[in-house]
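>>> quick one, fold the following:
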Amino acid sequence: MKFTIREGKPEDCKDIERMIMELAVYEKMPDQVKISHKELERDGFRSNPYYQCLVAEVPEEQKSKDGYTKVGYALFFYTYSTWKGRVVYMEDLYVMPEYRGKGIGKALMATVAKVGKEKQCVRLQLSVLDWNKPSLDFYMAKGAEDLTAKEGWHHIRFHGEALDNLAQEAP
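Presented below is the predicted three-dimensional model:
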């Protein structure tokens, strides 16, 4: 199968929004998505973007049953480890179901890793739901470590009222 991996562009944001919702449905959390293509455009395509995105695209003759040529994406950003240094964090990796198993996900993830290495990142981090065995197996087969099992790390989140209350405690 022919496909290309390229940097996302503002005009891709409607397709990225569509695929974010498809991923959320797969992860059984569609009600959690509160972002639209407008926020994606604003936050990813500015002088200091909050994220970067790669898009997987197939030729017109291989478009999806619903007529899409943009069939996958990887959304990532940079963070910092006080122990190790620069880190690339992959927030999302998604390939439409009919295009899985064709090397697109591997190509997207490898490109994120390559971009991170070019920026002197020392690791690629991501989160995956504990029940998502196909994704866990995919990442482990590529050499990833499960830090929950290996080191006992938990991902903690403040949001909504808890975030508001915490921010109000600042001096």
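
>>> in the chain, which spans are helices?
With DSSP state H as the criterion, the chain has helices at 13-26, 37-44, 104-118, 133-141, 147-151, 160-168.

>>> for the record, mean pLDDT for the last one?
In other words, helix 160-168. Average pLDDT, helix 160-168: 96.

>>> can you tell me how far Lys106 is from Gly72?
11 Å (CB to CB, to the nearest Å). Heads up, the C-betas are built off the backbone N, CA and C, glycines and all.

>>> same question for Lys102.
10 Å.

>>> more crowded one of the two?
Gly72 (24 against 18; other CB atoms under 10 Å).

>>> can you pull the contacts of the more buried one?
Counting by CB atoms under 8 Å, 6 or more residues apart in numbering, Gly72 touches 19, 55-56, 93-96, 99, 104-105, 108.

>>> those residues, buried ones only, as a PyMOL selection?
The buried residues among those can be selected in PyMOL (16 or more other CB atoms under 10 Å) with this line:
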select buried, resi 19+55+56+93+94+95+96+99+104+105+108
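
>>> let me have the contacts of Gly72 in TSV, adding distance to Lys114 as columns.
Listed next are the contacts of Gly72 as TSV, based on distance: CB to CB, whole Å:
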residue	distance to Lys114
Met19	21
Val55	16
Ala56	15
Leu93	14
Tyr94	19
Val95	18
Met96	23
Tyr99	21
Ile104	15
Gly105	15
Leu108	11
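
>>> identify, from the contacts of Gly72, the entry nearest to Gln62.
If you rank the contacts of Gly72 by distance to Gln62 using CB to CB, Tyr99 comes first, at 8.7 Å.

>>> surely that closest one meets Tyr73?
No: with contact defined as CB atoms under 8 Å, Tyr99 does not count as touching Tyr73 (11.7 Å).

>>> what is in contact with the two at once?
Ala56.

>>> just checking, which helix or strand of the protein averages the lowest pLDDT?
Least confident helix or strand, the chain: helix 147-151 with a mean of 89, by mean pLDDT, DSSP states H and E.

>>> show residues contacting that one.
Contacts for helix 147-151 (CB under 8 Å, 6+ apart): 130, 153-154.

>>> list the buried residues of that helix.
So, applying 16+ other CB under 10 Å, helix 147-151 has no buried residues.

>>> centre of the chain versus that helix, how much separation?
Chain-centre distance of helix 147-151: 21 Å, with CA atoms, centre = their mean, to the nearest Å.

>>> return the alpha-carbon coordinates of it using CSV.
The C-alpha atoms that make up helix 147-151 are tabulated as CSV, following Å, rounded to 0.1, in the frame of the first residue of the first chain:
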residue,chain,number,x,y,z
LEU,A,147,6.7,1.9,33.3
THR,A,148,3.6,1.0,35.3
ALA,A,149,4.7,-2.6,35.5
LYS,A,150,8.5,-1.9,35.7
GLU,A,151,8.7,1.1,38.0
